[in-house]
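A.B. asks: sharing a sequence plus its predicted fold:
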Amino acid sequence: MYWEAVKECMSREELGLLQLETLQSTLFRVYMNVPFYRKKFDELAIDPDSIRSLEDLQRLPFTTKDDLRESYPYGMFAVPLREVVRLQASSGTTGTPTVVGYTSTDIKNWSNLTARILTAGGVTQNDIVQIAFDYGLFTGALGLHYGAERLGASVIPISGGNTRQQIKIMQDFRTTALVCTPSYALAISDAINEMGVNVNSLPLKYGLFGAEPWSEALRQELQEKLKIIATDNYGLSEVMGPGVAGECPERNGLHINEDHFLVEVVDPETLAPLPPGETGELVITTLTREAFPVIRYRTRDLTRLIPEPCPCGRTLARIGKVTGRTDDMIKIKGINIFPSQVEAVLFEIEGAEPHYQIIVDRKGSGDELTVMFEVSEAIFSDRMRNLGEFIGMVKARLSSELNMPVEVRPVEKSTLERPEGKGGRVIDNRKI
Amino acid sequence: MMSDKPLLVLKNIDVHYDKIHIIKRVSLHINRGEIVALIGANGAGKTTLLRTISGLIKPTGGSVEYDGSDITGSGAEKIVALGISHVPERGLVFKPMTVEDNLVLGAYHRYSFGKRGLLKYDVEHIYSMFPVLGERRKQLAGTLSGGEQQMLAIGRALMAKPKLLLMDEPGMGLAPLIIKNILNHIVELRNTLGLTIMLIEQNARSALKIADIGYVIETGRIILREPAEDLLLNRDVQRAYLGRDVAPGF
């Protein structure tokens, strides 16, 4: 099922033409209407008219979160406020929030794009969609809300929190699709158990989860516990909100809405473009945004491009699940290491818990990497004899995943600090 | 799979008149069976762009691809034969000639002595589409009303058996009801003959109402490409080209 088959299954050739045309008109509009871009292009002596192919995009400067913050609140708008029909703000988890605006056409496009995501996730006009994202300045709830209405589903704008109430509504209103963060879905699932509700009595069929990175393991868990098809979707308020990319029933990568967003994956350190398949920082240029266009916005999200065609029939390229933030990246001996890689390995090993700490030390000529991780009680008691073997196995798996020798140090359960949020798992003792 | 490809692709077209840069890095494409409207103020470069496509003006940069072949810089006579017909502004029919002779002239590139009879069928087909032309077939074109002359110009262009019809302000100088009639004919041409149409219209609203896609051109550049229905709602476009006064805010 497609929402806009003509666009989602467009030939790659026409898509390329469309992208070039809309890139060129976007560049002209930002140069004319956004002083930040005019100044930046002028400083770098870039004539927007000289961008004549999609490859030329690489000559343009990046836009960063700091650039957006410095233009708070309205400095990056490309239309006068009288054309703006909606204002939202980024969640602002790290510092000053940023304000984004939408014209009526932007809202219409946004609704269509989230309708695409919902359709790809299985939702139709016959579904009852419970949106348990927080409503407000955060884009997650309203973005998917408009998309669900657009495709004709019945929307329950319940917002986040009050989990028991969520479950009661789910039972009474016969909710068939749940839209929220994966971690909140897990909380709902736990509460369903606590309340003694039989999950099989719920008509829930689909879960559309996003707004934070989550693992395949969590997907399996949610699909089994809630008896749903769980799909991942991606977006960020700086470029629009949800609706940038989303999984199809294949659940093997998120289709990027490339007729509205031009994406690149770059090395977060050198900023050089990476070949498809390599993990790096996702960079997005908006092609159709009227009120708030951004050029080469550095999302700080880590993912990889999947250009291979998808069996679902969509011609839109995919990105892998977001595996983390560039802020979490550690560079050792020239190799980029992400905590999510360590987490993924630990998830797969029986007896190891995905609670860990990564310690980097500089000894003599080289840097050393040590992973501390919690193990289940069984490992320390019954199978003490096998501990050495177990450590050797974990060490080999991690060294192979990270492409460098890794020291491992198992510790007892619940002894490592539980970091708030996603950071705090890396201790870098190098004096650089 | 040929037919899946866009019929016309312009990439980075530049046009200069002497030293003046009229068209700046214009890229656009039209799919088969689409009606595309080009809107913009007087002097923005709309007519120049149309004349560049039909080969009346040579671009100074960029490429024009039609039906899979590069036609950049080809002459108008070659381009007509490939299937692109241009209906110029105000029709420009040959006023001292009869309606029928005007139509036959539209097929000049496939006309040879003694074969006029073969064109008869095509002429009759035009009369069936535009009955008023059939009624006045022997009349001098100069005696037709403005709307009839415009229809004659369209009919003449169709005699060339085009795949792509370029129309420069078909409603120029005509009464609203007649414009509506002509635009209805344009939609009919697409629906019945599968024609692809690129249209400039001073009355941007009526053009966008029948178009699938709109490109907004400003001082020689494409500044916006959107589905026509979105452009109709775009308040900037409304103010600039649709003559609607949108209450200022802030």
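C.D. replies: Great, that's in hand.
A.B. asks: now A:Val34. Nearest residue, chain neighbours left out?
C.D. replies: A:Ala78 (5.2 Å; Cβ to Cβ, 6 or more residues apart in numbering or on different chains). To be clear about C-beta, it is placed using only N, CA and C from the backbone, and glycine gets the same treatment.
A.B. asks: need the residues of chain B near chain A, please.
C.D. replies: Chain B comes close to chain A at residues B:4-6, B:9, B:11-12, B:24-25, B:27-29, B:31, B:221-226, B:230, B:233-236, B:246, B:248-250, as judged by Cβ under 8 Å from any Cβ of the partner chain.
A.B. asks: which residues in the stretch 1-150 of chain A form helices?
C.D. replies: Taking DSSP state H, counting those that start in this stretch, the helices of the stretch 1-150 of chain A run over residues A:5-8, A:12-33, A:35-43, A:65-70, A:104-120, A:139-150.
A.B. asks: ditto for chain B
C.D. replies: Here chain B has its helices, by DSSP state H, at B:46-53, B:76-82, B:99-105, B:116-129, B:131-135, B:146-158, B:176-193, B:204-210, B:228-233, B:235-241.
A.B. asks: in a markdown table, list those helices along with distance to A:Glu278 and mean pLDDT.
C.D. replies: Listed next are the helices of chain B as a markdown table, based on distance: least, Cβ to Cβ, whole Å; pLDDT from 0 to 100:
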| stretch | distance to A:Glu278 | mean pLDDT |
| --- | --- | --- |
| helix B:46-53 | 41 | 96 |
| helix B:76-82 | 45 | 94 |
| helix B:99-105 | 62 | 94 |
| helix B:116-129 | 58 | 88 |
| helix B:131-135 | 64 | 95 |
| helix B:146-158 | 53 | 94 |
| helix B:176-193 | 46 | 93 |
| helix B:204-210 | 44 | 92 |
| helix B:228-233 | 37 | 92 |
| helix B:235-241 | 41 | 78 |
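A.B. asks: what would these look like in CSV with distance to A:Ala291?
C.D. replies: Supplementary listing: the helices of chain B in CSV, determined by distance: least, Cβ to Cβ, whole Å:
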stretch, distance to A:Ala291
helix B:46-53, 26
helix B:76-82, 40
helix B:99-105, 50
helix B:116-129, 44
helix B:131-135, 48
helix B:146-158, 39
helix B:176-193, 32
helix B:204-210, 21
helix B:228-233, 14
helix B:235-241, 11
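A.B. asks: for the ones you listed, which one sits closest to A:Thr286?
C.D. replies: Of all the helices of chain B, helix B:228-233 sits nearest to A:Thr286, with 15.4 Å by Cβ to Cβ.
A.B. asks: go through that closest one and flag the buried ones.
C.D. replies: The neighbour-count check on helix B:228-233 (16 or more other Cβ atoms under 10 Å in any protein chain shown) flags B:228, B:230-232 as buried.
A.B. asks: closest to chain A out of those residues?
C.D. replies: Nearest to chain A among these is B:Asp230, at 5.0 Å by Cβ to the nearest Cβ.
A.B. asks: the closest one against A:Asp106, yeah?
C.D. replies: No: the criterion here is Cβ atoms under 8 Å, and B:Asp230 misses it with A:Asp106 at 10.1 Å.
A.B. asks: how close does B:Leu242 get to chain A?
C.D. replies: Taking Cβ to the nearest Cβ, to the nearest Å as the measure, B:Leu242 falls 14 Å from chain A.
A.B. asks: tell me how far that residue lies from B:Arg205.
C.D. replies: Distance of B:Leu242 to B:Arg205, computed by Cβ to Cβ, to the nearest Å: 5 Å.
A.B. asks: more crowded one of those two?
C.D. replies: B:Leu242 (19 against 16; other Cβ atoms under 10 Å in any protein chain shown).
A.B. asks: can you give me the strands for the stretch 201-350 of chain A?
C.D. replies: A:206-210, A:229-236, A:241-247, A:254-256, A:261-266, A:280-286, A:297-303, A:305-306, A:318-319, A:324-325, A:330-332, A:335-337 (DSSP state E, counting those that start in this stretch).
A.B. asks: looking at these, which is nearest to chain B?
C.D. replies: Judging those by Cβ to the nearest Cβ, what sits closest to chain B is strand A:280-286, at 13.5 Å.
A.B. asks: partners of the closest one, with directions?
C.D. replies: Paired with strand A:280-286 in the same sheet, following DSSP bridges, are strand A:261-266 (antiparallel), strand A:297-303 (antiparallel).
A.B. asks: contacts for the last one?
C.D. replies: Spelled out, that is strand A:297-303. The contact list for strand A:297-303 (Cβ atoms under 8 Å, 6 or more residues apart in numbering or on different chains) reads A:62-65, A:213, A:234, A:236, A:238-239, A:265, A:268, A:279-286, A:319-327, A:329, A:338, A:340.
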